[in-house]
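S.K.: Starting from these lines, generate the structure:
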Amino acid sequence: MTVATGVPTFCQGIQYFGKTLPGFDKYAQEPAIVKGQKACASPTDPAAVFQTLLAADALRYLTLQVTASKASGHPGGFASIAEGIASLVMLGYKNIITEVGHHAPGFYSNMFLDRSLEDMGIETVEQMRERFREMHGLLGHLSGQIPGLLNPAGPLGQGQHFAMAGAKLHPGQLFPVTIGDGGLGEPYIMSSMAHFHTAYPEVTNFLPILVWNGYSQEHHSMVSTKPNQEMIEYWEGNGFQEIILVNAKDYDDANQAGDYVDSTEFSLDKRLEFTKAVLEATDKAAKSALGGKLTVLIVKQLKGAGVHAKGAKSHNLYPHHTLDNEEIVSALKTRALAPAAWELVRTNFERAAGGPASHQVVTETELPLPDLGELPLEEFTIKGEKKVATTTMGNLVAHVGQKDPNFIISNADGNAASGINNVNIALKIVHPTVDELYFQGPKGQVYEPLSEDACAGLAASLALFGARTLWCSYESFAINGLPIWQTVTQAMAELRRPTPSTVTLFTAGALEQGRNGWTHQRPEIENYFAAMMRNGNIFPLFPADANSIQACYEWALTTKNKGITITASKSPLPVRTSFDQTRQALKDGGVVLHETEGSKKVVFAVIGDMTLIPVFDAAVHLEDEGIGVRIVSVINPRRLYRPNDVAWETCTQADSHFLDEEGFEKLFGGDAVIGVTGGTSAMLEPIMLRCNCKRDTFAWRRGETASSAGKIMAFNGLTAENLAKRAKELVD
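M.R.: Reported below is the predicted structural model:
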C-alpha cells in the first residue's frame, strides 16, 4: 500500500489507497471520454478498456466499503456485473434500470462517481458512508428519491416493466435493465417482455442484461445448472433475436474450479481481455437493441467477484462484517485504487452521457402531456333510468386515449367483461392480427396480457415515467398485480418531480360474481388499500353510480403522484348522485343520499354501489317504526381519517385535506352508526375511529356460489332485515 498524496476532495472517507496498476502511465494519462464528448471513442481502444477496468474496481470498492460502514447491505450481486455497469457508462448510457433491489449500493456508487448524489448533499465518500441505509439518505433498496436513478427496486421481477415503459416513451434512447439469475425464476419477467414485444415489435430499445452469477440469496440460483447453449436457446425461445453471452470462464488463467469464476483473480492481461470483451459486447448489444432487434446481454461471472466472499455468502453483510473485519479489510486493500485512478474514473463518469445522471436521465424532467380538452361528461337524471357505471366511465377513457397517444389501458380479463367494450371500440386492442370483430390491431391502446403483473407493471411504470394510464382488473384477480402497483405508489410518494397518478378501475366485484363462486369473490383486496391509505398518497374511491364514477375519474386525471383505485359495478344500477355531490364527496369523504327525522337517528355509512340497495330497504323498515335514517355514501374514505393518522406531510404533492370535526358530525352524527360494505370492514376504519356513538359494521365474510347479488349479500348477512334489526338494537 502507498500513502495517498494529492487525494481528490471527493475521496475523503476512502479507507485504503493502492498503487497504480501497470500500464497506468500508458493508458490513463488522459480520460478516455475526452472533454466535450459523451462516450469513449471506441470499445476497442486500449485506453478505454483499461479505464473501464479501473471503473469496475472503483464501483466494487465503493460498494463494499459503503456497505461495510454499516455492516449491512448487499455487495455480492452487483460485484459480478461491475464491468457491465462500467461499460454502459463508458459508452455513454445512463438510463440504467435494475430489477434487483439488492444491487442498490452498487447503483449508489455509480451515482456518486458521476456526481449525481451531490444533488442530495453527498459530496464525499465519508458523507456517502454516513447516509447509507439511513433515513433521508441512501435507503437499502432503490426508491424514487435518489437523484439519477430511474426506478424503485424491491420485489423481484419488476424492473423490466420500467425499462419497457422508458423505451416506449423515449424512442432512440437505450434503457438497459439488469436482471439477476435469482430473479429470473420469477415467471413475470420473460412473459411480460414477450407480450410487450408482440404488442410493440418496433420498441426494442430496452436491453435486458442477465447477471448470470450462479447464486441466489442463500443458495445456487435455479438456472445455475444450465449449460451456456441452453441459456442461449432459452432466450431465443422467448423471442430474442440477438443473444450475446460473455463468459468469464473463457478468460480464466487462475485455474478456478466450477462454471462460475471471478475475473478479479485473473492476471492483469486476462482481466483486461475480459473487460474488453464485456465492453465490446455491451456496445454490440446496445447498437442491436437501438437498431431494431430484441436483444439480451448475458454476463456470466461468479457472484461476489472482487469483494469479501464468493457465491451466496457474498450476498449480504452480517453484523460482524464491519470495516475492521479481516475479510472486509483484505478485500478493500486488494481493490484499492491510487488517487489518480479515482480522479480519472470520476472525470469519465461525470462526462459520460453529457453530465451527471441526475441532470440527464429521462425521469429527471416532467414528461409533457397533451391537453385533454373538455371531457365528454354526461350527467344522468337522479332516480331516472338505471345505468352501468363502468360503461359510462369507458366513454371518458376513450376520450383520454384519443387525445393522448401515450395513454394505454391494460386489462387481463378483457374490457368487454368489465362493461367497457366501448373502450375497445374506440382505442382498439393492440395486437399483430387485425380483426374488426374483436376491435384489435397493431396500433391499439388497449394492452391485454393475461398476467395481472404485466398489466399493472406497464401501466404503473408508464405513470411513474410521466404518462397517463389506466389499469383495469376484476377485483378478484387484481391482487396478482398489486406488488408493482404498490412499489410505484411508494416511489411516487418520494418522487422529486410531479407525475400523473397511477389510476385503476376494479370491476366485477364479489357481489356480481354469484354464479362464478368464491374463485371470483375476493374483495379482501380492499384490506390492501385500507392499509395503504395511511401512506398519505393512496385514495381508494367508491363511486355510488354512473354520475359519480365520471366525477371520480375526472378528479383522478387532475392529480399527481397518487395511487387512485376506482371500484365500481358493471351492472345497471340506480343513479343517486349529481356531479356536484360527488365532487363535494371527493373533498369531504362522503355525501348524504337520504335523510329522515324520527325519535332516534341511525346513520348508515355505506361503501360501494350495490350495498346501497339493502340499506335503502332497511331505511323503510326503520322509518315505519319512527326511527330517523341518514344514508351516507362514502366515496373517498381517506378524507375521513384524522390528519395525524396519515403520513401525508411526507409525500410529494402532499394532500393535507381531511374532513374536520364539524363536517364529520354533519355526516355521521347520530344515535348509532352502522358501517356497511361489500368488501373489507377495514375500509370503514376512518369512520369507526371518529364516531363516539354506538356503532357496528356489516362487511364481507366469505364467498359462495349463488344466483344473484342479493343471495351473496344474504350469505354475508348484508340484508335489509339484519341491518334494520341491528339498528334498532343499537338505538334501543
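S.K.: Checking residue 245 next. Helix, strand or coil?
M.R.: Following DSSP: H, G, I helix; E, B strand; the rest coil, the label given to residue 245 is strand.
S.K.: hang on, it packs against residue 231?
M.R.: Yes. Taking contacts as Cβ atoms under 8 Å, residue 245 lies within contact range of residue 231: 7.2 Å. Quick note: C-beta positions are derived from backbone N, CA and C, even for glycine.
S.K.: Could I get the full set of strands for the stretch 1-150 of the chain?
M.R.: Applying DSSP state E, counting those that start in this stretch to the stretch 1-150 of the chain gives strands spanning 97-98.
S.K.: quick one: low-confidence ranges for it?
M.R.: Residue ranges of the stretch 1-150 of the chain with pLDDT under 70: 1-5.
S.K.: Show me the beta-bridge partners of the nearest residue to residue 695 once chain neighbours are set aside.
M.R.: The shortest distance from residue 695 to any non-neighbouring residue, by Cβ to Cβ, 6 or more residues apart in numbering, is to residue 673 (4.3 Å). Counting by DSSP bridges, residue 673 forms beta bridges with residue 603, residue 695.
S.K.: do the one 4 residues further on as well
M.R.: For residue 677, the beta-bridge assignment (DSSP bridges) gives partners residue 607.
S.K.: Would you mind measuring from it to residue 34?
M.R.: Distance of residue 677 to residue 34, given as Cβ to Cβ, to the nearest Å: 65 Å.
S.K.: Also residue 716?
M.R.: Relative to residue 34, residue 716 is positioned 71 Å away (Cβ to Cβ).
S.K.: what does residue 481 give?
M.R.: 47 Å.
S.K.: Those two: who's more crowded?
M.R.: Neighbour count, other Cβ atoms under 10 Å: between residue 481 and residue 34, residue 481 has more, with 24 against 12.
S.K.: pretty sure that one contacts residue 457?
M.R.: Yes. Between residue 481 and residue 457 there is a contact at 7.2 Å, judged by Cβ under 8 Å.
S.K.: thinking again about what came up before, report the set of residues contacting both of residue 245 and residue 231.
M.R.: Common neighbours of residue 245 and residue 231 (criterion: Cβ atoms under 8 Å, 6 or more residues apart in numbering): residue 298.
S.K.: Show me the strands in the stretch 201-350 of the chain, by range?
M.R.: For the stretch 201-350 of the chain, the strands defined by DSSP E, counting those that start in this stretch cover 206-212, 242-247, 295-300.
S.K.: For the residue nearest to residue 695, which residues are in contact?
M.R.: By Cβ under 8 Å, 6+ apart, the neighbours of residue 673 are 602-605, 687-688, 691, 693-696.
S.K.: which among those end up buried?
M.R.: For the contacts of residue 673, a neighbour count by 16 or more other Cβ atoms under 10 Å gives the buried set as 602-605, 687-688, 691, 695-696.
S.K.: okay, now the domains of this protein?
M.R.: Domain assignment for the chain, taken from automatic domain parsing, gives 9-362, 387-731.
S.K.: which stretch among these comes nearest residue 371?
M.R.: Proximity to residue 371 (Cβ to Cβ) singles out domain 387-731 among the domains of the chain, at 7.3 Å.
S.K.: Am I right that residue 566 sits in a strand?
M.R.: Yes. Counting by three-state DSSP, residue 566 falls inside a strand.
S.K.: Tell me the pLDDT of it.
M.R.: Predicted confidence (pLDDT) for residue 566: 97.
S.K.: How many residues are close by it?
M.R.: Residue 566: 25 surrounding residues under other Cβ under 10 Å.
S.K.: now residue 535
M.R.: Residues contacting residue 535 under the criterion other Cβ under 10 Å number 20.
S.K.: Please verify my assumption that it contacts residue 490.
M.R.: Yes. Counting by Cβ under 8 Å, residue 490 is a contact partner of residue 535 at 7.0 Å.
S.K.: any chance you could read off phi and psi for the residue lying closest to residue 184 once chain neighbours are set aside?
M.R.: With sequence-adjacent residues excluded and distances taken as Cβ to Cβ, 6+ apart, residue 184 is closest to residue 223, at 5.7 Å. Note on residue 223: its backbone torsions stand at phi -110, psi 10 [degrees, to the nearest 10].
S.K.: what element comes up after the strand or helix carrying residue 487 heading to the C-terminus?
M.R.: In this assignment (DSSP states H and E), residue 487 forms part of helix 482-494. Remark: after helix 482-494, the chain's next helix or strand is strand 502-507, criterion DSSP H and E.
S.K.: on contacts alone, who are the packing partners of the next helix-or-strand element following that next one?
M.R.: Heading C-terminal from strand 502-507, the first helix or strand you meet, by DSSP H and E, is helix 525-532. Packing partners of helix 525-532 (3 or more Cβ pairs under 8 Å, 6 or more residues apart in numbering; DSSP states H and E): helix 482-494, strand 538-541, strand 563-567.
S.K.: repeat that for 10 Å
M.R.: Helices and strands touching helix 525-532, by 3 or more Cβ pairs under 10 Å, 6 or more residues apart in numbering; DSSP states H and E, are helix 482-494, strand 502-507, strand 538-541, strand 563-567, helix 685-690.
S.K.: Of the ones you listed, flag the one that's most buried.
M.R.: Each of the helices and strands packed on helix 525-532 was scored by mean neighbour count; the highest is strand 502-507, a mean of 28, by mean count of other Cβ atoms under 10 Å.
S.K.: If I take it and helix 525-532, what angle do their directions form?
M.R.: Counting by axes from the mean of the first three to the mean of the last three Cα atoms, to 10 degrees, strand 502-507 lies at 150 degrees to helix 525-532.
S.K.: Can I get stretch 723-732 in PDB? Just the C-alpha atoms.
M.R.: Extracted in PDB, the C-alpha atoms of stretch 723-732 (Å, rounded to 0.1, in the frame of the first residue of the first chain):
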ATOM      1  CA  LEU A 723     -79.500  -4.100   9.100                       C
ATOM      2  CA  ALA A 724     -82.800  -2.800  10.500                       C
ATOM      3  CA  LYS A 725     -82.700  -5.300  13.400                       C
ATOM      4  CA  ARG A 726     -79.200  -4.200  14.400                       C
ATOM      5  CA  ALA A 727     -80.000  -0.600  14.100                       C
ATOM      6  CA  LYS A 728     -83.000  -0.900  16.400                       C
ATOM      7  CA  GLU A 729     -80.800  -2.800  18.900                       C
ATOM      8  CA  LEU A 730     -78.300   0.000  18.900                       C
ATOM      9  CA  VAL A 731     -80.700   2.800  19.400                       C
ATOM     10  CA  ASP A 732     -82.900   0.900  22.000                       C
END
